[in-house]
Every structure is written in structure tokens, then in C-alpha cells.
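Enquirer: With the sequence up front, the predicted model follows.
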Amino acid sequence: MKKIRRRAAAAALILFFCILCTAQAGATKLVAITFDDGPNRTWTPQVVEALNQRGVKGTFFMVGSWVPTKEELVRQMAAQGHQIANHTWEHANLTDMTPEEVRDQVERSRAALAAVTGQESFLVRTPFGVRTKTVLENIESPLILWSQDPAAGKTVSGEKMAKKVISTIQDGDIILLHDSTQANLDAACRIIDTLRPRGYDFVTVDELFRLRGITPEQGAICKRAAPAADPQAYEESRLREHWAWPFIADVENRGVMNGDAEGFHPNRYLSRAAAAEILWRAAGSPQAGRAADFRDVAADAWYAPAVSWAEESGVVRGTGRGLFRPSAVVTREQLYVMMDRLLERQGLFAPVAELPVYEDSFRVSAWARQAVEQVERAGFSSLNDRELLRPGEPATRAEAAELVSWYLGLC
């Protein structure tokens, strides 16, 4: 009897940890690592090299007057996916400047960065974080500050800076460092190497806001991007502003995906039943030769024809216990696997030269890796996120719309 109890307790413990790991696997914690006061001829290249070795993209707030003679470095950084941002023209204290002087500091720096990168607009961070009323009204950008300042204006060792960030980091934080000393380089490397195994991914400030569904307004002060209370919620009146709007409009026009009386719900998580039906419609709503074999799929269910086709064609498979689990949430890597099977069935692969490089590619499950890479080789990469694949996160309707719209473009 004692053996049975011990085995039951062990099984329960294993089940608990499996559930815990599954829940955590899809919960990406995001932070942005930023660097001020560059470009520096000595330290900026070393910081960039350290980030590139780790597959991390940083945001660099540059002083415009320091860009000349370092144009090629800045151009390469932008081409590698690092975000270039504006730290004013002279790194002067803007506290007592007139509106005209503030605008001049920002505009001259913007023009210098634009001439090198080909971009037109840049996020702004003022020297010393100055945020007077005059500054906020005249920078023509959100003011990007920080929630992690490990040096606090003092000369601090890299180890001490890293320890402070690591011990207090929160999901959505913006970290302030400088690409100007060995200590900052050491701190950046230790912060990244310690936090990534703990489930943190490093993105640019632009990506941080986009992935959190935040659109900072001009003159707004931004210190961090905390996770939304309800990540699936979205204001439908702003649907045209959603990053996936062109794809949503495409799949709606084709009748492949539709909303309900309340809207399209772009951030709502995708269920297995919905994924099967969307792919079935994208494939032309073909007839299946038989009903689904899954015990939990009723013959009169709204998704039954789609599941029957998906099972018969191999696009979806059961759990090994004769179940389909129609209401279970589909992860991003699972959606890639379904798409890979559909592409393979229809012979639509069109290989490209290179795979996208994602910081978190190592998190793709072994069973999904080949399928994910084949979809990427066929030419798909999400416009929503150039830095992270987020394989274990729940796939949203917007992400499904983007993937299906791309697939329809191949047909």
C-alpha cells in the first residue's frame, strides 16, 4: 500500500512539474537592453560584437555630432538589426533650452542618423533623462527613459551593475547601459548570459512596444512595457492600426477567416479546432473521405468537416489517445508544423537562401524543428517580430492570418 502511495505521489509530482513547465514555456519575458552616448570608436564595436555573438539586438541612443567619421559602423549596426535612436546633437542638458533650441538638438541629430541609415524617424532619449514640459512638447517622439539604471550616474564595476539588474529585473524592463566603457560591456554580457536561461528574451525598444501592443504617443514618457492584464484583448475600433491589418483584410476578403458580431479579435489565442478550419478553408474546403476518428469530435460539430480533412491529409494528428482536443490552444511552433504539412502535401515549397536568425531559436522543440525550418526556408518570417520566434507562445488569430495570407500568396 505504501508503495502505491509513493508511486501515486511521484506521479502527481511529475504531472505538476509537467503542467508547470508547459505553462512557463509559452510565457516569454521580454526586456530591452539600451546603450547611450555612442557611437564610440573603441567600445561600440565591442558591444555590438558581444551582442551579435549572443544573437541579441540592442537599441543604441546616439549623439548626432559623434556620428561623422563613424558612418560605416552605424550603417552596419542598422543593417544587422540593432535599433538606432536619437540622443540629441551635442549631449547637452536641455533643461533650460528654448523650444527652438530643443527642436534643433533633436532635428540635427535626426538628420545625421537619417543620412547614414536611410531611416527617417527615431525614438528619442534626452541626455540625463531631462523631461521638462518644453522638452516633451518639442522632441516630436515618445521620450524613452528606463526602469533599470544600474550605474545611476556613478562609476560602477560591470559585476556590480550586472548584479543590480539581475536581482531586480522584471518582465518589460528597459535597461540603461552605455557603449563607452569596459564595465558596461562586462555588465551587458553578464546580464544577457544570466537572464536568458531564466526565460528572458532581449528585444529592441520598438519590438518591446510592438509585442506588448503599445503605441507610445508623441511626448509620452516611456520607462518600461509591462505585460497587459489581458493579452488577448484588443480595441476593435483600432483594427486598421494593428500590425497584421493587411493580412487580416486579405483573409477576410477571401472568406478564409472572419470575425464575429464583436469583431475579429486579432490577439485571441487560436484553438486546434479553429486552426484546422482556417487551414481547411485556405486549402479550398476539400471534402474528406470519412469522418474524423477522434473520440472527442462530434459528427455535427462546426469544425468536424475541417478536422476530418485535416486528419485524413495529415495536417493535424491526435494526441495518441484517440483525442483531438479541439479547444486546446495552438502554440506558434505547432502552427508552423501544421503549415509545413500542408505545404508538403501540396508541393508548394520554394526554398530561399537563408533562414531568419532568431535569438530564441534554441527553444524550438526537437519534434518541431524541421518543420519550423522548412516553413522559414519557404520564405516566411513574421513582420510582427524580427528578433524572436517565440515558439512556445500561444498563436494568435493575427499571427494565423499573417501565415495563411502568405500561404495563399504561394498558391
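Expert: The structure has been received and is ready for your questions.

Enquirer: got the residue ranges for the helices in the stretch 151-300 of the chain?
Expert: For the stretch 151-300 of the chain, the helices defined by DSSP state H, counting those that start in this stretch cover 158-168, 182-195, 205-211, 245-253, 272-282.

Enquirer: orientation of the first one relative to helix 182-195 in degrees?
Expert: What that stands for is helix 158-168. Going by axes from the mean of the first three to the mean of the last three C-alpha atoms, to 10 degrees, helix 158-168 is angled at 40 degrees with respect to helix 182-195.

Enquirer: by contact count, what packs against helix 158-168?
Expert: helix 182-195 (3 or more C-beta pairs under 8 Å, 6 or more residues apart in numbering; DSSP states H and E). (C-beta placed from N, C-alpha, C; glycine too.)

Enquirer: Can you point out the buried residues in the helix it packs on?
Expert: Ala183, Asn184, Leu185, Asp186, Ala187, Ala188, Cys189, Arg190, Ile191, Ile192, Leu195 (16 or more other C-beta atoms under 10 Å).

Enquirer: okay, that helix in PDB with CA atoms only?
Expert: The C-alpha coordinates for helix 182-195 follow below in PDB (Å, rounded to 0.1, in the frame of the first residue of the first chain):
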ATOM      1  CA  GLN A 182      34.700  48.000 -20.300                       C
ATOM      2  CA  ALA A 183      32.500  47.900 -17.300                       C
ATOM      3  CA  ASN A 184      29.400  48.500 -19.400                       C
ATOM      4  CA  LEU A 185      30.500  45.800 -21.800                       C
ATOM      5  CA  ASP A 186      31.100  43.300 -19.000                       C
ATOM      6  CA  ALA A 187      27.700  44.200 -17.400                       C
ATOM      7  CA  ALA A 188      25.900  43.600 -20.700                       C
ATOM      8  CA  CYS A 189      27.400  40.200 -21.300                       C
ATOM      9  CA  ARG A 190      26.700  39.000 -17.800                       C
ATOM     10  CA  ILE A 191      23.100  40.300 -17.800                       C
ATOM     11  CA  ILE A 192      22.300  38.600 -21.000                       C
ATOM     12  CA  ASP A 193      24.100  35.300 -20.100                       C
ATOM     13  CA  THR A 194      22.400  35.100 -16.800                       C
ATOM     14  CA  LEU A 195      18.900  36.200 -17.700                       C
END
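
Enquirer: quick check: longest strand of this protein.
Expert: Longest strand of the chain, by residue count under DSSP state E: strand 29-38.

Enquirer: Pull up the pairing partners for it, direction included.
Expert: When pairing is defined by DSSP bridges, strand 29-38 lines up against strand 59-62 (parallel), strand 174-178 (parallel), strand 200-203 (parallel).

Enquirer: Run through the strands of the stretch 1-150 of the chain in chain order.
Expert: For the stretch 1-150 of the chain, strands defined by DSSP state E, counting those that start in this stretch occupy the ranges 29-38, 59-62, 83-86, 143-144.

Enquirer: Could you chop the protein up by domain?
Expert: 29-222, 236-410 (automatic domain parsing).

Enquirer: Tell me which of these lies nearest to Asp230.
Expert: Taking C-beta to C-beta, domain 236-410 is the member of these nearest to Asp230, at 8.8 Å.

Enquirer: Could you give the separation of that closest one from the chain centroid?
Expert: 18 Å (C-alpha atoms, centre = their mean, to the nearest Å).

Enquirer: Quick check: Leu408 touching Ala283?
Expert: No - contact criterion C-beta atoms under 8 Å: Leu408 and Ala283 do not qualify, at 9.9 Å.

Enquirer: which of those two has more neighbours?
Expert: Relative neighbour count places Ala283 above the other of Leu408 and Ala283, with 20 against 15, counting by other C-beta atoms under 10 Å.

Enquirer: For the more buried one, which phi and psi angles does the backbone take?
Expert: phi -80, psi 0 (degrees, to the nearest 10).

Enquirer: The closest residue to it other than its chain neighbours sits in which helix or strand?
Expert: Spatially, and ignoring its direct neighbours in sequence, Ala283 is nearest to Leu342 (6.5 Å; C-beta to C-beta, 6 or more residues apart in numbering). Using DSSP states H and E, Leu342 sits within helix 332-346.

Enquirer: Let me know the angle separating that helix from helix 272-282.
Expert: Going by the same axes, to 10 degrees, helix 332-346 makes 30 degrees with helix 272-282.

Enquirer: Output the contacting helices and strands for helix 332-346.
Expert: helix 272-282, helix 304-313, helix 366-377, helix 397-410.

Enquirer: residues making contact with stretch 35-45?
Expert: Outside stretch 35-45, the residues that touch it by C-beta atoms under 8 Å, 6 or more residues apart in numbering are 47, 58-63, 66-67, 69-70, 73-74, 77, 87, 91, 125, 176-182, 184-185, 188.

Enquirer: Show me just the buried residues among those residues.
Expert: 47, 58-63, 66-67, 70, 73-74, 77, 87, 91, 125, 176-181, 184-185, 188.
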